[in-house]
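Participant: I would like to see how this sequence folds:
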Amino acid sequence: MKEGYTIKDQEKPHFITCTVVDWVDIFTRKIYKDIVISSLEYCIKEKGMILYGYVIMSNHIHLIIQSKESKLSDLVRDFKKFTAKNILETIKTEPESRKEWMLDLFKKQQKAIQEIRIINFGNTAITQKKFIPCPLCGIS
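Facilitator: Okay, here's the model as predicted:
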């Protein structure tokens, strides 16, 4: 599946937003937030992700990340695929009042993550010391 955005500078930090299909409020439940955090921890330990910061909103995730071992686009792809698969499996197996509705919606869309937005902050490296407010939701 071709994404609508291309990461041109694979070695630089990027601000990335992953949005849930139809803005479904998946992350209002702790169990799904924990999956995201577990996926991030795995990517840091096993895939060479450098995580400068993240925010988990009710229906999307903001990340400032960099890859030290591979192409950033491959890392993002793997993170999204693994996280979406685990969330879908959890929806199927754990108590969830919205289970049928969500699974039906996701099945119609044929994907659990709808889009990715990537913003490269020029040629300057993003560091943990540099504060960057979220341009999409205004969180500071």
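
Participant: which residue ranges form the strands in this protein?
Facilitator: Assigned by DSSP state E, the chain shows strands spanning 14-20, 49-56, 60-67, 113-119.

Participant: Out of those strands, which gets nearest to residue 91?
Facilitator: strand 14-20 (11.7 Å; C-beta to C-beta). From N, CA and C alone the C-beta is placed, and that goes for glycine too.

Participant: distance between that closest one and the chain's centre?
Facilitator: Chain-centre distance of strand 14-20: 5 Å, with C-alpha atoms, centre = their mean, to the nearest Å.

Participant: can you start the count at 16 instead of 1 from here on
Facilitator: Sure, I'll start numbering at 16, so the last one becomes strand 29-35.

Participant: what angle do that strand and strand 64-71 make?
Facilitator: 50 degrees (axes from the mean of the first three to the mean of the last three C-alpha atoms, to 10 degrees).

Participant: can you pull out the helices in this protein?
Facilitator: Applying DSSP state H to the chain gives helices spanning 45-61, 87-108, 114-124.

Participant: Packed most tightly, which of the ones you listed would that be?
Facilitator: helix 87-108 (a mean of 17; mean count of other C-beta atoms under 10 Å).

Participant: now for that helix, which elements pack on it?
Facilitator: strand 29-35, helix 45-61, strand 75-82, helix 114-124, strand 128-134 (3 or more C-beta pairs under 8 Å, 6 or more residues apart in numbering; DSSP states H and E).
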